[in-house]
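# the amino acid sequence is not available; the structure is as follows:
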């Protein structure tokens, strides 16, 4: 559908800039930035951009252009001709142009670039005479035929390269640059013959025809299969379309005073404020990346012996480039990725865009730009991807190191690790004690493997998702972990793992990369993490702006120390069941579970009291003066069940009952769906002696640490799995009673709170009534996600990847909080809870507590704090700052 | 806290009736009805009621009465004295009174009755002369001392009875009535001695003192342990309190023209419109129930040889009683339970209340009262407890038959059954084929036991709740079932079950009562159900007023036939996975599941197509012209997994893969929480060929039945376990495509609908988006309850009974829909769904579809239909009618 009033073409350069950087949607990134650069006075060859709307119109109208497009292109081309004083198709002084695609975002798979368009058998001779350089002219023509032939006409580019190779052999030279004008002319003749043979038609000689066919190729390539696949994978709508940029050619290949180059305004790897890039004298576009000649450094300071820097070779152009670099950073207020060409010592800018960078570089650039006043601290905070901070805190693979990929799994816990394969937790521990680096490989892990996971450098499982036991525990410990590597078969019997026909035996080495999910055979070289001063600066700024508190999930003194080091403002979740697996205690725990009556349970529980008290004393000491949220026991009972007859017999002996009785009791305790079974406060209500013991241990420990340190901890006792108001009333009364008893016994008291997890839909739906007995709510979004979706984390691996890959779920709801469903319940519960108690403290302690987009949700929902695993604390601090800034922006916009 | 303006005492009788039937909260049931009877002219001895507010004030003020109570009682007593012309404590003509408790509802455990109060050593002589009957006077005094002594003074009543026994032995007589005045006087002397010995004080002689102590005993008994326990169990608030009724005595024990009796205005067992009751000449109150003499019938028609009816013995009083009976029914418009006394041929009414009755009687009485115009049809419909209808459709134990209780479980499926114990489904089937009646006893049942459950007369399980597999399947089949009998230990090895030290072996008989959960040793005599014409009449009236449609859950032709016979208006849930367990098919089903790739699955699925088509043809034929909702496959996969190596080997052979591969696949398929695993539409999306086959079978069957019967069925294809809008979009597209293919192939088409279960919280929360692809929603409240509560039905037995007993859950949420949580989500989903599609059809197909209180909720939530198991259809029809009437009342009130 054409419309005479629609503007399809936007000029840039030569004082007529109709676009600007903000018009990326219409002009694409390249076109918008060309106009922007030209409008701030940078040397941009004149040209014009055909808008993305034309692309959409073209592809939806059966590859027909809007009726008035041709006239607008003709006008724009005439302006370029005027500006440079050359005429398109002029046999004497021909205007040559480049045709480049440019979508909103850079996108592989589309036609990219055709240079030197406008050349033909006639105009090439005009270029010879106009430039006075026959070799340049014929080289330019052969480049044009090659590019146009391959990308527009579809002739395999190897066929062109074969012709050059043959020409170089015939001429007895090695480098392209050594071929003479006459030899290039012969190459051109062979190219033309090749195109005619391959396409059945002579190479198009009309420049106008060439231009429209190139434009059509760009638009058409938007709908080719590779582009469609890429868009689907990256969630780019097809109706965005691409723009086409037509620009007067400048030539880097016209002699020794010509060059072409690419550069970053700062080092994209370290973030250092140095000019970073490379160039080639007497070269055009693709030569720099093609690797035919070795690109040279820009600054003399960076030149190695034998290299000739641009600063040395083209000092005037280099000086101008330095000015441009300064101007671009001042203008864009960010590190830029630039393309330029020098023609006869004159600099021309062909592209600029924000440069990609490593996490280290992002951090440094943001901090330094803010410190220099170029950007604000808020802007600096928004520049760093919080998730990328994880990289900085863990070893990573040297990107240049060689490696042999064995298989892939899920990137469950960041960092890389190498070690010899072991298949059992006990062996992991034994070998680690001997100083060996081991990778623990299991089909899946269970709480009984914790000592082995701790001893291992990394963990690999073949089953389970991003929130499987292995993944959660590994993240908590800061151990790299690849989980759910379904392509790897583990055979405990033969002590081997195999994938894709390769086998690794116990004792042989593998390397895992928990940031990518990759598993490699053998050792791969690592880079150790270095936490720079910039990190601390950025964290300080984050803390100053964020309103969400950040706590950590921690049970062990080591976790608590790590969390505190990373800036945690207390413990948001201490899972007491994790304290029960210690070999010293597991016997008493099992007796407690297997006891048939209260008396038996009380005896077992009494054995656990001193351990629990000791645990809490350690945590309270580390977190003195800070809140410590302790969740009372919430185990799926089966995790503690004895395995095998021998363990059963031990329990029977300890409890003084016969073997058959204990066997029957074990069978009674097994559950069809442990996730939905006899756990959480259901256990605390049916076996109150367990919670009584835990409450007693907490209060005794708190009084002891208060006396010892003078800084009383603030225990926040959390009741798990509440679904009915009465459950919290009963368990709260039990805790209050235990507190009163300890306080009376010791003659001292301490402030404490009692609250509940909101981790069942019913708790959210009845939050107003539950709030009556609660001092705080902590959203247990792991279990809430499981129940809202009806989806077991342990079993989700069978279809969740398929669902996420195919967009059935927008994202893995265990990684990023589902706003539509889970989030709606969280909001309802927050509102209902605060209706009852306006000051009700609200937090989140699921795995989502360390996920930036989930943290943004927590900010919006009005939560008071997030709690995450220790190594995620910095991520959460930055994400919370971004959420606070984002929230401010949202409110003022 | 007293208040001079508060009225604590209400008069009744003798033309001064200050209460009425509607004042039960203040006057208790007895007091309110005494006033009501007196006010409609029935002969009620005058008296007064002390209100329930006095009870509350008394018990909360440390057992002190309001200050002005005494004056009000004195005034009221004076009025009674005036009315009967006697004076309280008058040595010549003493007024005697009864003191009775009377709460809003009849409540065991409280002090009940003291008669003849006002007698003492002096007034008894006045009574001798006033009545001219010394024997009567001394008998009355001894009765008073006995009642007052035991209930007010706490002397064990056996001690009094021992004295009478000794007196009768001494006198050489058998019956109390044979004792003479002098002998009673001696008994009185011994009674007085006993009281003084036991209490350390003489028996109180002051009538005023007697009165206040009796009143205090009633109020005090409200707080005794038995009463408190009873209130807790029956959810009666303590602050209701009880009233006290003080009433002038009339005497049924004053000679041959005196009597006392209890009766029902209709037969409470059958509902027949006959006068039903018994009386004793020359007796007082408790003699009728005490069994010392055999009570006699009221009407001559009911008298057996040797019996003397009241009609014969006291014709005038009997005639008056008939008039009273008529008057009471006309007035109360319900069957009454009456107590009366005849003194000197004059009738006095002492109590009336609505009479308890069997389900059969309730039905008949309601229908006959409506047919006679006494009540409206709406009132008749409200009179019958829908749940009680279940009794009418199943055999029940003869209430008079002797029995030996073995243990108790849950009343999982109504009806009673006797048979010999078998412990396996195969044996159940084998023995049933030989004509033996068997009870299948299992720890729990699985889908593979279905043939055995079908063959058995009844099912007993020791594990699992009201909605366990056994319970659900048994209700569906109409088989009596007791589930979760945790006190019964089953030993498959020794083929025995045992409970409480008793053992039953395989082959020995037991009897189960699925309506009570009781298990008996041996055979107990049964009463077969008779469905009367009243049942049909009532159902017809119900159908006329209800607005909710009633469908049935059914998979087999037998279920469908039963459902249609009971009035189902279509099938609301056909669970196709139940069709997959047939031995002929299970092999192909297993191949389908175990196949490693699509090709293998397609081969297996192709084998199932003809079976499925045949299944649907049968159902469509039975339901021709009616909607049939077919839920596509939703199995927890593990239910179909092969057991043991032999079955695995068979599958391996059928699939042409090696044993190890199939073993690994079986391990892969096992799930930690099958409830939350790879099931429902997750299966249909990852293995689309299964749903494709089912859709094809449905459409081919529908076209075949349309052609055959001319009445096209309306298939409603239901997608299970949807939690994301995209899941329904994908599966709906798949069904539509299958429909188009079948219609094209056959050259004919048929109307159909596609909808979804709303059985996950997320589906309810996103119902507006899901509704876009849905023609209907069916609330799967079983799974919704499981996920909202985070509670597995299979595992709930470990704590759910404790929770319900202790009021942590108000009721079992699997039996009665939880309005606060699950209900809130259902309402949200209904509203959101209809925002998107105002005409969206809404139904419910969980177990709640047959539960009356849940049906009331469905009516309020605006649902279109409920679907329940076949035997529950009549229950649902009546409950739906009551809900419609209730809703009308709510709206107009």
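Looks like it arrived, so ask away. Bear in mind that the values here come from a model prediction, so they are computed numbers and not experimental data.

# where do the strands sit along the stretch 601-750 of chain A?
Listed in chain order, the strands of the stretch 601-750 of chain A (DSSP state E, counting those that start in this stretch) span A:627-631, A:714-719.

# please identify which of those strands is closest to chain B.
Chain B lies closest to strand A:714-719 among the strands of the stretch 601-750 of chain A, at 13.0 Å (C-beta to the nearest C-beta). Quick note: C-beta positions are derived from backbone N, CA and C, even for glycine.

# strands of the stretch 201-350 of chain A, start to end?
Going by DSSP E, counting those that start in this stretch, the stretch 201-350 of chain A shows strands at A:242-248, A:259-264, A:276-281, A:296-297, A:336-343, A:346-354.

# looking at those, which is buried most?
Most buried of the strands of the stretch 201-350 of chain A by mean neighbour count (mean count of other C-beta atoms under 10 Å in any protein chain shown) is strand A:242-248; its value is a mean of 27.

# tell me the angle it makes with strand A:346-354.
Put simply, strand A:242-248 runs at 170 degrees to strand A:346-354, going by axes from the mean of the first three to the mean of the last three C-alpha atoms, to 10 degrees.

# strands paired with strand A:242-248, and their directions?
Sheet pairing of strand A:242-248 (DSSP bridges) gives strand A:47-50 (antiparallel), strand A:97-103 (antiparallel).

# got the domain ranges for chain A?
Chain A breaks down into these structural domains: A:9-248, A:259-354, A:392-527 (assignment by automatic domain parsing).

# what about the first one, start to end distance?
Its first and final residues considered, domain A:9-248 spans 15 Å by C-alpha to C-alpha, to the nearest Å.

# distance from the chain centre to it, please.
35 Å (C-alpha atoms, centre = their mean, to the nearest Å).

# likewise for the shortest one?
Average the C-alpha atoms of domain A:259-354, do the same for its chain, and the two points are 29 Å apart (C-alpha atoms, centre = their mean).

# now the terminal residues of that domain, how far apart.
23 Å.

# about what we covered before: winner for burial among the domains of chain A?
For these, the highest mean count by mean count of other C-beta under 10 Å goes to domain A:392-527, at a mean of 21.

# rewinding a little: would CSV of the domains of chain A with mean pLDDT be doable?
Formatted as CSV, the domains of chain A follow (pLDDT from 0 to 100):
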stretch, mean pLDDT
domain A:9-248, 91
domain A:259-354, 89
domain A:392-527, 88
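
# let's have these in a markdown table, adding distance to residue B:570.
Formatted as a markdown table, the domains of chain A follow (distance: least, C-beta to C-beta, whole Å):
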| stretch | distance to residue B:570 |
| --- | --- |
| domain A:9-248 | 43 |
| domain A:259-354 | 62 |
| domain A:392-527 | 41 |
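
# I figured residue A:871 hits residue A:391, correct?
No. Under the contact definition of C-beta atoms under 8 Å, residue A:871 does not touch residue A:391, with a separation of 11.3 Å.

# how much space separates residue A:84 from residue A:90?
Going from residue A:84 to residue A:90 by C-beta to C-beta, to the nearest Å gives 11 Å.

# still on that earlier bit, in a markdown table: the strands of the stretch 201-350 of chain A, plus distance to residue B:859.
Formatted as a markdown table, the strands of the stretch 201-350 of chain A follow (distance: least, C-beta to C-beta, whole Å):
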| stretch | distance to residue B:859 |
| --- | --- |
| strand A:242-248 | 58 |
| strand A:259-264 | 70 |
| strand A:276-281 | 73 |
| strand A:296-297 | 81 |
| strand A:336-343 | 66 |
| strand A:346-354 | 61 |
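
# excluding its backbone neighbours, what's nearest residue A:818?
Closest residue to residue A:818 apart from its sequence neighbours, by C-beta to C-beta, 6 or more residues apart in numbering or on different chains: residue A:785 at 6.5 Å.

# quick check: what element follows the one helix or strand that neighbour maps to along the chain?
Taking DSSP states H and E as the criterion, residue A:785 maps to helix A:781-789. Of the helices and strands lying after helix A:781-789 in sequence (DSSP H and E), the nearest is helix A:800-805.

# buried residues in that following helix, which are they?
Within helix A:800-805, the residues that qualify as buried are A:800, A:803, counting by 16 or more other C-beta atoms under 10 Å in any protein chain shown.

# with stretch A:534-551 instead?
If you call a residue buried by 16+ other C-beta under 10 Å, then stretch A:534-551 has these buried ones: A:534-535, A:537-539, A:541-542, A:545-546, A:548-551.

# one more: stretch A:790-799?
Buried residues in stretch A:790-799, counted by 16+ other C-beta under 10 Å: A:790-799.

# before we move on, what about stretch A:653-667?
In stretch A:653-667, the ones that count as buried by 16+ other C-beta under 10 Å are A:654-655, A:657, A:662, A:665-666.

# closest to chain B out of these?
residue A:665 (12.0 Å).

# give the contact list for the closest one.
For residue A:665, the contact set (C-beta atoms under 8 Å, 6 or more residues apart in numbering or on different chains) comprises A:594, A:596.

# swap in residue A:794?
Each residue near residue A:794 by C-beta under 8 Å, 6+ apart is listed here: A:444, A:464, A:468-469, A:675, B:671-673.

# now do 10 Å
Taking C-beta atoms under 10 Å, 6 or more residues apart in numbering or on different chains as the contact definition, residue A:794 lies against A:444, A:463-465, A:467-469, A:674-675, A:786, B:671-673, B:676-677.

# wouldn't residue A:359 be in contact with residue A:271 here?
Yes. Applying C-beta atoms under 10 Å, one finds residue A:359 in contact with residue A:271, separated by 9.4 Å.

# pull the number of nearby residues for residue A:846.
28 (other C-beta atoms under 10 Å in any protein chain shown).

# count of neighbours near the residue nearest to it when sequence neighbours are not counted?
Spatially, and ignoring its direct neighbours in sequence, residue A:846 is nearest to residue A:781 (3.3 Å; C-beta to C-beta, 6+ apart). Neighbour count for residue A:781, taken as other C-beta under 10 Å: 30.

# how much space separates residue A:781 from chain B?
In this view, residue A:781 and chain B are 13 Å apart by C-beta to the nearest C-beta, to the nearest Å.
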